[in-house]
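**Q** predicted model and sequence below, questions to follow.
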Amino acid sequence: MATNNTSGSSISGKAAIVGIAETDYVRGSDKSVPELVLEASMAAVADAGLKPSEIDGIIPPGGFISTEEIAANMGIPEVRYAVEVHMGGASPTASLQSAVMALASGIATNVLVTFGWNGYSAFRKRPDSRPTKRGMAPGPFIEVSRNFYAPYGIRSAVQWYSLYIQRYVDLYGITPEDAAQVALTSREHAHLNDKALMGGRPMTMDDYMASPYITEPMRKLDCCLETDCAAAVVLTTADRAKDLAHDPVLWLGGAEGHPYPADEITNRPDMLRLGLDSAAPRAFDMAGVGPKEMDFLQIYDCFTYVVLMELEAIGICDKGGAGEFVRDGNIKLGGKYPMNTHGGLLSQGHCWGLNHVVEATRQLRHEAGDAQVVDCELGVVTGYGDLGDGSIAVLARG
Amino acid sequence: MTDTNSPEPKTYKKYVPKPEGMNLELHLAAVSTGLLNVQHCLDCDTYRHPPRWYCPNCHSGNYEFVPVSGRGEIYSMAINHFTIDRAWIDELPYVTAVVQLEEGPRIVGDLKGAAPEDVELGDKVQVHVEARGEEFSYLVVELLGRD
């Protein structure tokens, strides 16, 4: 077991992921958000070998469904710990940190972290669909975005992020071919995953280069997939994990990070500094291992260029070096640091990165099928959301 | 003869926010003077944007809104080829500029009169204010040239 629990923090290695589940990833679902979330949650609890009534901590997808509803619908009579994380796509991986804190302190014994949404259907109402009042909560940056971005036709994630990505590519000479490596690799990996939306649908460099711009430098094929889906993971204490159904996957370290100011992009002293830049060193320090010791990377991939910035932020390559890093084949299965072995948000589907946690767990259980990174012992998951918030978890085979 | 049965083409108005609190103070200052304004700390003499209750430099709560030169350069930009905002479809492709002002803060504005391929980071610009109603100052960025 590749662990070093003495450095960094009292909570390193104190809790483990013991249950995982995900629904199908589809574009157009008849299932509501509660159905999806509850389906994944029930399956994750069963995967852990637990009963729903043994769950006593819940971290739900903020705004979509509450802890109270999840508990009532699953039969969870005693919730001792409930909290919501508001970091957009960084939330699920940041939630792991919160779950571990609750477990290591003895506040809770089994914590459910779940996410689900109608990320496709909610934006494409069918004539026969019943209206729903459930939706995404406005981001914590809404006051800035509605006053200073929206009046200029800047209303979506790809547009917000281009405000710094345009400067990133200009400063470091990052090319479309570099970003394409991320898109093409994700697609290749998706072909190995039965649950990937884009499995069996090849993508070539010509396809990528012919893809229209959305907001420069992002093309359509640099963007992740709008998806209807849910996922869930269950964590418990490291001691208790030994007696459960699967090989436990230990949480060695983790962190969240917020750019400053988090609610406004353009007046950051360093506009290219993401939340992950501050979070990653703390997480690796806590874990007592370095980024280059990772056997695989599950990197939050809302957009290919964001992946490149994250690779630099976690310190696996230098600032401006991500283009070369991905060109050298590092991120493919069989390479030095296989990345997004499930296909990622780009080609599996968009479950706010909880699907990255599920895949990391599958890898470390050595249950990843054709995408298995042979004998892997250590892996990292990142999250990214809102206007550049970051989260990270360093995981180990227990 | 007009066909009275054909519906009027639907038009979409550009979104104009209804600023509150400190944001409203900023816009009222700009609309009343016709000049770009930013917040200025009365204690440490630094400029900040967007408006904040306390100065991020010295944490003072004493501030004023003051006109600034509007001179600056393109620090970054969004070159938009697609939009979910129907009011902007006719403008595609449009460039949204991040301008580094001489006074320190950066503003987001609408780059007018230049095609995306004509703009580079570092280009000199002048920011102008256009009133949209009585409570919102829209920022227009004019490209001046290159060093």
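**A** Arrived safely. If you're wondering where the values come from, they're calculated on a predicted model, not measured in any experiment.

**Q** quick check: residues of chain B near chain A?
**A** Within chain B, the residues that sit near chain A (C-beta under 8 Å from any C-beta of the partner chain) are B:14-17, B:19, B:23, B:48-50, B:56, B:75-85, B:87-88, B:91, B:93-94, B:96, B:98, B:105-110, B:116, B:121, B:132, B:136, B:138-139. Bear in mind the C-beta positions are built from the backbone N, C-alpha and C, glycine included.

**Q** among those residues, which lie within helices?
**A** Counting by DSSP state H, the part of these found in helices is residue B:23.

**Q** any of the residues of chain B next to chain A buried? List them.
**A** Among those, those classed as buried by neighbour count (16 or more other C-beta atoms under 10 Å in any protein chain shown) are B:14-15, B:17, B:19, B:23, B:48-50, B:75-83, B:85, B:88, B:94, B:96, B:98, B:105-110, B:121, B:132, B:136, B:138-139.

**Q** near residue B:33, how many other residues are there?
**A** Neighbour count of residue B:33, defined by other C-beta atoms under 10 Å in any protein chain shown: 14.

**Q** what about it, distance to chain A?
**A** Residue B:33 is 19 Å from chain A, where distance means C-beta to the nearest C-beta, to the nearest Å.

**Q** give the contact list for that residue.
**A** Applying C-beta atoms under 8 Å, 6 or more residues apart in numbering or on different chains, we find residue B:33 in contact with residue B:67.

**Q** hmm, try it at 10 Å
**A** When contacts are counted by C-beta atoms under 10 Å, 6 or more residues apart in numbering or on different chains, residue B:33 touches B:65-67, B:129, B:137.

**Q** so which of the residues you listed is the closest to chain A?
**A** Using C-beta to the nearest C-beta, residue B:137 is the member of these that lies nearest chain A, at 9.8 Å.

**Q** does the residue lying closest to that closest one once chain neighbours are set aside count as helix, strand or coil?
**A** Using C-beta to C-beta, 6 or more residues apart in numbering or on different chains and skipping residues adjacent in sequence, the residue nearest residue B:137 is residue B:30, 3.5 Å away. Following DSSP: H, G, I helix; E, B strand; the rest coil, we place residue B:30 in the helix state.

**Q** next one: residue B:30 relative to chain A, how far apart?
**A** Separation of residue B:30 from chain A (C-beta to the nearest C-beta): 13 Å.

**Q** so that residue makes contact with residue B:49?
**A** No: with contact defined as C-beta atoms under 10 Å, residue B:30 and residue B:49 do not form a contacting pair (11.6 Å).

**Q** who touches both of these two?
**A** Taking C-beta under 10 Å, 6+ apart as the criterion, residue B:30 and residue B:49 both touch B:36-38.

**Q** let me know the closest of those residues to residue A:69.
**A** Distance to residue A:69, by C-beta to C-beta, is smallest for residue B:38 among those, at 44.8 Å.

**Q** how close does the closest one get to residue B:51?
**A** To residue B:51, residue B:38 is 8 Å away according to C-beta to C-beta, to the nearest Å.

**Q** what sits in contact with each of those two?
**A** By C-beta under 10 Å, 6+ apart, residue B:38 and residue B:51 have these common neighbours: B:26, B:65.

**Q** confidence score at the nearest residue to residue A:218 once chain neighbours are set aside?
**A** In this structure, residue A:218 finds its nearest non-sequential neighbour in residue A:158, 5.3 Å apart by C-beta to C-beta, 6+ apart. With respect to pLDDT, residue A:158 has a value of 98.

**Q** what about the chain, any weak spots by pLDDT?
**A** You didn't pick a chain, so chain A it is. Residue ranges of chain A with pLDDT under 70: A:1-8.

**Q** look at chain B instead
**A** Those would be B:1-7, if you go by pLDDT under 70 across chain B.

**Q** try it again at 50.
**A** Within chain B, the segments meeting pLDDT under 50 span B:1-2.

**Q** show me where it has strands.
**A** Ranges of strands in chain B, per DSSP state E, are B:37-41, B:47-48, B:63-67, B:71-80, B:94-101, B:106-112, B:124-131, B:137-145.

**Q** packing partners of the second one?
**A** For strand B:47-48, the helices and strands in contact under the criterion 3 or more C-beta pairs under 10 Å, 6 or more residues apart in numbering or on different chains; DSSP states H and E are strand B:37-41.

**Q** kindly calculate the angle that the strand it packs on makes with strand B:94-101.
**A** Calculated by axes from the mean of the first three to the mean of the last three C-alpha atoms, to 10 degrees, strand B:37-41 forms an angle of 30 degrees with strand B:94-101.
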